[in-house]
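Visitor: turn this into a structure:
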Amino acid sequence: MQTQTVALRDLRYAALGMLGVAVVWPVLPAHPPNVCPLRSLTGIPCPFCGMTRAVVAAVHGDLVASLRFNPAGVLLVALAIAMVIGWRAQRVRLPAWLVPAAFALLWTYNLTLNPTFH
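Guide: Residues are numbered from 1 along each chain as shown. Next up, the predicted model:
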């Protein structure tokens, strides 16, 4: 039980850190260059490309822009807020195919429909 408490606390700190960085991101004097290895090497966006911009837009209330950058950004912000306010999730069993299917959908979106990469 002690390990679960530490893991939950660490997740809360990570969620709080992500939300905090997203709040101050627009006022930072410089942003890192393209850090996606796949996109840097091949020019092809990965399933998570656009996620930083999506999270920043969602935190600042621009949900349309967030969904345009990466549809998973809004979900990630919602989960982070839930973690920070103390939501205690019960263990959920997801079907084995769900995570690869979600990645495939995100990648398909980034390769075909995402207006920020075309």
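Visitor: return the set of buried residues in the worst-scoring helix or strand of the chain on mean pLDDT.
Guide: Least confident helix or strand, the chain: helix 2-24 with a mean of 85, by mean pLDDT, DSSP states H and E. Buried residues in helix 2-24, counted by 16 or more other CB atoms under 10 Å: R12, A15, M18, L19, A22. Yep, even glycine has a C-beta here, placed from its N, CA and C like the rest.
Visitor: verify the contact between the second one and M83 for me.
Guide: Yes - taking contact to mean CB atoms under 8 Å, the distance of 4.1 Å between A15 and M83 places them in contact.
Visitor: on that earlier part again, other SSEs contacting the least confident helix or strand of the chain?
Guide: In terms of contacts (3 or more CB pairs under 8 Å, 6 or more residues apart in numbering; DSSP states H and E), helix 2-24 is packed against helix 51-59, helix 72-84.
Visitor: list of residues touching the longest one?
Guide: By CB atoms under 8 Å, 6 or more residues apart in numbering, the surrounding residues in contact with helix 72-84 are 11-12, 15-16, 18-19, 22, 48, 50-51, 53-55, 57-59, 63, 66-67, 89, 102, 106.
Visitor: buried stuff in the following helix or strand past it?
Guide: Next helix or strand after helix 72-84 toward the C-terminus (DSSP states H and E): helix 98-108. The neighbour-count check on helix 98-108 (16+ other CB under 10 Å) flags L106, W107 as buried.
Visitor: and helix 98-108 with helix 51-59, angle?
Guide: 90 degrees (axes from the mean of the first three to the mean of the last three CA atoms, to 10 degrees).
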